[in-house]
Structures are given as structure tokens and as C-alpha cells.
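S.K.: Give me a model of this one.
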Amino acid sequence: MFAELARNQVMRYEADTDFKRAALFFRDGSFIEFEHSSRDTRWARASANDTMADKICRSIRIFRLNAKHLQLFFEDGTDAEFFKHERIQ
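M.R.: Prediction:
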């Protein structure tokens, strides 16, 4: 459920060249920032409360960010992947 919602609402995925920071941008103008720069530094933060980014961010159990992809694992057991050079509709 959350994975499908995320895939349907994301307009753009961006990541830095080191794949330590990334962002997902949603149709309502909100976004989630991600950082996984070290073993001790891993976080995701929505741009504002009561937005699609906030809803998705609150449902994330854990995420994986690397050169291959950004993968979100949700509380409902679903997961969604985003690729840097993938064209998102």
C-alpha cells in the first residue's frame, strides 16, 4: 500500500554524486530529504507536516541509499525503489 502510494506520488528522485544524500519530490510540492553518510548518520526528514512527504516519511521503517538505488521499506511490509537515472512519470 505505502509503496504503491509512494511510486504514484513521486515526481523526481535526486541523489548527490556520492549517494550519501538524496531527495524524493512529490506531486503536492513536498519532499523528503535522506542522508546516510556513515554508520551513525542515517535519517529521513519531510519538508513539512501534513503533506504527502510527511505521510510517506512517517510510514518508512528503514531505507537503503547507495549507488544502485534508494529503497524504502515501509511499516506495512511493502517496499519501493527509485533509481537516479530512471524517468518517473
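
S.K.: Enumerate the beta-bridge partners assigned to the one residue sitting closest to the centre of the chain.
M.R.: In the chain, the centroid-proximal residue (CA atoms, centre = their mean) is Leu24; its distance is 5.0 Å. Applying DSSP bridges to Leu24 gives these bridge partners: Tyr13, Ile32.

S.K.: and it, what is it in contact with?
M.R.: Ala6, Val10, Arg12, Tyr13, Phe31, Ile32, Phe34, Ala53, Ile56, Leu70, Phe82 (CB atoms under 8 Å, 6 or more residues apart in numbering). For the C-beta atoms, the positions are set from N, CA and C on the backbone; glycine is no exception.

S.K.: Show me the shaky parts of the protein.
M.R.: When residues are selected by pLDDT under 70, those of the chain lie in 85-89.

S.K.: what about the helices in the protein?
M.R.: 2-9, 52-59 (DSSP state H).

S.K.: so which of those gets nearest Ala44?
M.R.: helix 52-59 (5.5 Å; CB to CB).

S.K.: Identify the residue nearest Trp19 in space, chain neighbours excluded?
M.R.: That one is not Trp; residue 19 is Phe. Nearest in space to Phe19, with sequence neighbours left out and distances taken as CB to CB, 6 or more residues apart in numbering, is Ala67 at 4.9 Å.

S.K.: what's the burial count for that neighbour?
M.R.: 9 (other CB atoms under 10 Å).

S.K.: how deep is Ile32 tucked in, by neighbour count?
M.R.: 25.
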